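In: For reference, the sequence and a predicted model appear below.
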Amino acid sequence: MKLETIDYRAADSAQQFVTSLHETGFGVLSNHPIEQALVEKIYQEWYAFFNSDEKQAYLFKPETQDGFFPASISETAKGHSVKDIKEYFHVYPWGRIPDSLRDNILAYYQQANAFAAELLGWIEQYSPQEVAEKYSIQLSEMINNSQKTLLRILHYPPMSGNEELGAIRAAAHEDINLITILPAANEPGLQVKNKSGEWMDVPSDFGNIIINIGDMLQEASGGYFPSTSHRVINPEGTDKTKSRISLPLFLHPNPEVVLSERHTADSYLMERLRELGVI
Ligand SMILES: O=C(O)CCC(=O)C(=O)O
Ligand SMILES: [Fe+2]
């Protein structure tokens, strides 16, 4: 398995992209329409936010899941016992967002959602007919005005040397949602597991956009699109002193959307969150 960067402007980009998603669960695009200057600005201003005490005023609410999640309560990936080395903030347009950060992050949320709708159109167009027949409605329609789509701003702090034994920035996991849109982070570390079980670096040139399949599209496509395991490994050497910021947008269908004979988006999400022990 090879993960090639695909030029969004190439004549056959849609087909190449969907082939990559089918074969690897991942697709990497260059020359895409997401404004890189906006992404860089967001990395800078949220880095400052994570380094300030202001974040404590936005402690997440368990009922709504918006706001700041400190490292002390950070996620433990399914099947793991050690917490990830990260802190993060969950942005929903209806949720709490610091005023000074609101305009840029919501502009990004809107741009990335529109881009996701286009990419879901590509996926629908290049799904084999017997797969496309399984989609209960158009894929892009599933996320239209969804209140569940979640933008996570992640801060992986510099390594202190006191990390729990075996802890890594993000332990191997699969995403729960339909697709995830992830601008390349400011530091490397993202890896994907290939079909032979080996970990490979995701080509993360600054400016690339990485898209991966989540469990919900795997379910809706009857397994044609695989929800592939990925992780973020710890930095080595001088990179240990650096923070890493990343910005995954998790596209969630509206709750009533039928994914398969056994699941709506809501019943599927609840099952996964119960497995994770967060509800
Ligand atoms: O930080 C990254 O590059 C990936 C994060 C991720 O996979 C996640 O939060 O689900
Ligand atoms: Fe992920």
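Out: Great, that's in hand. Residues are numbered from 1 along each chain as shown. Ligands and ions are numbered 1, 2, ... in the order given.
In: Look at Arg152 and tell me its secondary structure.
Out: strand (DSSP: H, G, I helix; E, B strand; the rest coil).
In: neighbours around it, how many?
Out: Burial of Arg152 is recorded as 17 neighbouring residues (other C-beta atoms under 10 Å). (Glycine included, C-beta is placed from N, CA and C.)
In: who's it bridged to?
Out: His90 (DSSP bridges).
In: is it true that it touches Leu247?
Out: Yes. Counting by C-beta atoms under 8 Å, Leu247 is a contact partner of Arg152 at 7.4 Å.
In: which residues does the residue in the chain positioned nearest to ligand 1 contact?
Out: As assessed by C-beta to the nearest ligand atom, ligand 1 sits closest to Ser246 within the chain, at 3.4 Å. Ser246 makes contact with 153-154, 156, 182-183, 185-186, 190, 232, according to C-beta atoms under 8 Å, 6 or more residues apart in numbering.
In: Please list which of those residues are also close to ligand 1.
Out: The overlap between the contacts of Ser246 and the neighbours of ligand 1 (C-beta under 6 Å from any ligand atom) comes to 154, 182, 185, 190, 232.
In: Sort out for me which of the residues you listed are in helices.
Out: Of those, none are assigned to helices by DSSP state H.
In: mind listing the strands for the stretch 1-150 of the chain?
Out: 5-7, 26-30, 67-69, 87-91, 150-156 (DSSP state E, counting those that start in this stretch).
In: Could you dump those strands into TSV with mean pLDDT added?
Out: Formatted as TSV, the strands of the stretch 1-150 of the chain follow (pLDDT from 0 to 100):
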stretch	mean pLDDT
strand 5-7	97
strand 26-30	97
strand 67-69	96
strand 87-91	97
strand 150-156	98
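In: how about the ones you listed, which one is nearest Glu130?
Out: Relative to Glu130, the nearest member of the strands of the stretch 1-150 of the chain by C-beta to C-beta is strand 26-30, separated by 21.5 Å.
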